[in-house]
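Participant: Sequence and predicted model, in that order:
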Number of protein chains: 6
Amino acid sequence: MSEDSEELTHTDDEGSVQMVDVGDKPDTSRRAVAAGEIRLQASTVDAIEADELGKGDVLATARIGAIQAVKHTWETIPMCHQIPITNVETEFSVADDRIELTVAVETTGKTGCEMEALEGVTTGLNVVWDMCKAAEKDDAGQYPDTAIENVCVVEKWKRTL
Amino acid sequence: MSEDSEELTHTDDEGSVQMVDVGDKPDTSRRAVAAGEIRLQASTVDAIEADELGKGDVLATARIGAIQAVKHTWETIPMCHQIPITNVETEFSVADDRIELTVAVETTGKTGCEMEALEGVTTGLNVVWDMCKAAEKDDAGQYPDTAIENVCVVEKWKRTL
Amino acid sequence: MSEDSEELTHTDDEGSVQMVDVGDKPDTSRRAVAAGEIRLQASTVDAIEADELGKGDVLATARIGAIQAVKHTWETIPMCHQIPITNVETEFSVADDRIELTVAVETTGKTGCEMEALEGVTTGLNVVWDMCKAAEKDDAGQYPDTAIENVCVVEKWKRTL
Amino acid sequence: MSEDSEELTHTDDEGSVQMVDVGDKPDTSRRAVAAGEIRLQASTVDAIEADELGKGDVLATARIGAIQAVKHTWETIPMCHQIPITNVETEFSVADDRIELTVAVETTGKTGCEMEALEGVTTGLNVVWDMCKAAEKDDAGQYPDTAIENVCVVEKWKRTL
Amino acid sequence: MSEDSEELTHTDDEGSVQMVDVGDKPDTSRRAVAAGEIRLQASTVDAIEADELGKGDVLATARIGAIQAVKHTWETIPMCHQIPITNVETEFSVADDRIELTVAVETTGKTGCEMEALEGVTTGLNVVWDMCKAAEKDDAGQYPDTAIENVCVVEKWKRTL
Amino acid sequence: MSEDSEELTHTDDEGSVQMVDVGDKPDTSRRAVAAGEIRLQASTVDAIEADELGKGDVLATARIGAIQAVKHTWETIPMCHQIPITNVETEFSVADDRIELTVAVETTGKTGCEMEALEGVTTGLNVVWDMCKAAEKDDAGQYPDTAIENVCVVEKWKRTL
């Protein structure tokens, strides 16, 4: 575990919220991969899979939502710095009753990019939810089967330039 | 379940992505509640709970991140309409090894607000993650214990005005 | 033609830039349709048409770019008001050496939505350009064949509610 | 023409939309110039030219709209990277029945800036349209004479730093 | 003074930050006027006044910055609601050693618009500062004479629709 | 004072508004500190100071508003460049009848960051105003005692890297 003094980033000695000073950090090449999944009814997954129902567009929309979320992380997460994103990879894996989204983000900057990858995953999954609302809602307009699960950071590394 | 023709919202007959036409829908009073949780190490939760470590500011930052995410849903989720948000409630529940966030959103508009509530939950939990990065990372800089789970829509209703 | 006193909207008697006061205008149902085209090499259009080259995703990306541009017009065009967009329709028509994009926007508000439709068209065509850059560039990295043409307002009407 | 494998940027082998990985590209000094024109009634151009009608503010507003659009290209065009803009030049040329806008953009980054220049041109011309709406509309509220034409990339170069 | 229970808006009983629930408030016609001034060197004010130095564009830029700031208040001020702005008026008054900016905002909504007017004033004055940086800086690059003063809400009223 | 030719930045020889070309400027380490104060009733300051009234959250919200404003300066101030912010420090000083906010901004870029610091100060103070509206309003809904004063640049320096 990290040392005590770092236990909570983004707060100073008096507990006031703050950004971390990265002015003296060297530029490094960094990559973070996050993943997560959305549970759906099997019939909804089938509908997404079937070509006639616009699968391409559904997943394309979620990809674009994920990529835009990665680029906007510096304003969505209040204490994040704006970093130069050099690459974003999105990959969907479709199972019987769920769709998994993996987002990899690369940067050459002074801070890590795991928050960018996480924002890409949660937003991309929310976009899938949005695109499948009518299919997932029950008669009372509720979502008994839909859930986002297992959002985690799969891998993170940095390399001196 | 909803009728077949609605199975995938946001795509037209040819599968092209589109917004839903809400011009003929009446204004209704709507409320949606979403919830989710972030798993953390017990020591991290303890640090958040202890006053000297700035708990107020950590959760305040996450509240603000959640509220801002609710208000920005119309640009984050590509096919969402911009709706007049009349109320946002955020509530944190702290357990030994996790923090749960519930976000309720109310609107008086032509479409539901569950996407707004979901965006509030996932972004608020991502902000908690961001604030606890140093405490949650292991020696290799990975997050073996941190995860976002159980993101779901708790309740949704509408009432004719 | 409109009366003299209105010749330039958005400037007052002294020529200072300003928004138009719409506080006393009634809410009306309005629709505006704009269109425009991007000239491309025939080989590029062929590549977009061929399924293996991701046509769905190229046009889906342009659709999403157009819809987002419609929703952001109030901040892109400095003197525009933010109006409640109730519907956006996008339609691509592919010819041998060009792609035409038509964007229809509907609102129930106090001002027209032709600027929203125009922003949707020009941004959507710019997205197509962006997606086809490698195919359209010549050996010197220039775009001798690519151009956006014929951007106009096809139709505009309003109806008292 | 570029080699086949690059025919459509922003899609991978399976046609899924993606950003281009620029992590290994060197920083270079780049400049792109785009231009385009808006056709207007001669009486509208006269009104813009006349000092008493606020010409300065009309074109100043369009300049600012163009510059802001250049800076926002990374969020307007879904697959664009955010690049450090070092210079933006805007120039209007007023003819009898049209106004031409030229936008030059410079950056020292890993990708070209022609999309930034194009966004500057199309948005700047849309701002001119917005400022002249009352003068251009006919009695039926239509725009029979107004059009955006000839939007193209005039010049593009890069220089190793 | 308002009653005790309202002393701090935007915090609930436990002091947690929150938006105010406006769902049950009626729509009213509201107007707020804010003003403030920037102190400048007399030579800088002279330069702004002189036509050859682009006075029109300097104040036009500040006007546009003020209007855009009014429209963006809902995202700049974390607990603000997004309200339909129906009118924005900006007026500059130039004295020997200062420029005063007055911004009036009108809305037909459920909350007041004084924050919008204040954001317009402070941002508009910051834009003036930005445009005059070179003239105001002393040899050491400091701003001994420049200051923003007297930012206040001049007037506020609402009228039942 | 700076030389005549620089008297108004952001306008060219003909007075047209423009960004400054920074392409040939070297990267330097820069810091700017701005400060300002908001005058409040003593009873409001007391309420903010008292723990039960959520002081932490009020000032935390203002801190976050200030930090976000710093990061958004490139879009709020029309002619500003987007620069890499490496550090933001916010400090509140509470007196009997006023709260002072100091914001320090650091960057390693091609232009200064005093506008970023000023935007942080004015927005942070506006957020305090927003959080105290109910306490500061008199019976007629006016703000006779509230004002933002003394907004200035405290210090500015740069250091060659």
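Facilitator: Structure received. Values in this document were obtained by computation on a predicted structure and should not be read as measured data.
Participant: if I look at the nearest residue to A:Ala34 once chain neighbours are set aside, how far off is E:Val45?
Facilitator: Spatial nearest neighbour of A:Ala34, excluding adjacent residues (C-beta to C-beta, 6 or more residues apart in numbering or on different chains): A:Ala117 at 3.7 Å. From N, CA and C alone the C-beta is placed, and that goes for glycine too. Note on A:Ala117: its distance to E:Val45, by C-beta to C-beta, to the nearest Å, is 51 Å.
Participant: A:Thr61 contacts C:Asp57, doesn't it?
Facilitator: No. The pair A:Thr61 / C:Asp57 is not scored as a contact, 9.8 Å apart, by C-beta atoms under 8 Å.
Participant: can you give me the strands for chain A?
Facilitator: A:28-39, A:85-95, A:98-109, A:147-160 (DSSP state E).
Participant: Let me see the contact set for the nearest residue to A:Gln82 once chain neighbours are set aside.
Facilitator: Take A:Gln82 and drop its neighbours on the chain: the residue closest to it by C-beta to C-beta, 6+ apart is A:Trp74, 3.9 Å away. Counting by C-beta atoms under 8 Å, 6 or more residues apart in numbering or on different chains, A:Trp74 touches A:80-83, F:71.
Participant: redo that, cut-off 10 Å
Facilitator: A:80-83, A:85, A:115-116, A:119, D:82, F:68, F:71-72, F:85 (C-beta atoms under 10 Å, 6 or more residues apart in numbering or on different chains).
Participant: Among those residues, which one lies nearest to F:Arg30?
Facilitator: For the contacts of A:Trp74, the residue nearest F:Arg30 by C-beta to C-beta is F:Ile85; the value is 10.5 Å.
Participant: how near is that closest one to A:Asp12?
Facilitator: Taking C-beta to C-beta, one finds F:Ile85 at 17 Å from A:Asp12.
Participant: Counting neighbours around each, name which of these two comes out higher.
Facilitator: Taking other C-beta atoms under 10 Å in any protein chain shown, F:Ile85 and A:Asp12 do not tie; F:Ile85 has more neighbours (24 against 14).
Participant: Which residue, neighbours along the chain excluded, lies closest to that one?
Facilitator: Spatial nearest neighbour of F:Ile85, excluding adjacent residues (C-beta to C-beta, 6+ apart): F:Thr107 at 5.6 Å.
Participant: Over to A:Glu91?
Facilitator: Counting by C-beta to C-beta, 6+ apart, A:Glu91 lies nearest to A:Thr102, which is 4.7 Å off, once chain neighbours are set aside.
Participant: contacting residues for that neighbour?
Facilitator: Taking C-beta under 10 Å, 6+ apart, one finds A:33-37, A:66, A:89-93, A:117, A:120-121, A:124, A:154 in contact with A:Thr102.
Participant: For the buried ones among those, write the corresponding ChimeraX selection.
Facilitator: The following ChimeraX line selects those of those that are buried, judged by 16 or more other C-beta atoms under 10 Å in any protein chain shown:
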select /A:33,34,35,36,37,66,89,90,92,117,120,121,124,154
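Participant: from the contacts of A:Thr102, which two are the most distant?
Facilitator: A:Glu37 and A:Glu89 (17.2 Å).
Participant: from what I can see the residue nearest to F:Ile85 touches F:Met115, true?
Facilitator: No. Using C-beta atoms under 10 Å, F:Thr107 makes no contact with F:Met115, being 11.1 Å away.
Participant: Between these two, which contacts overlap?
Facilitator: F:32, F:70, F:83.
Participant: Would you check how far apart the residue nearest to the second one when sequence neighbours are not counted and A:Asp21 are?
Facilitator: Closest residue to F:Val70 in three dimensions, ignoring its sequence neighbours and counting by C-beta to C-beta, 6+ apart: F:Gly120, at 4.3 Å. Separation of F:Gly120 from A:Asp21 (C-beta to C-beta): 15 Å.
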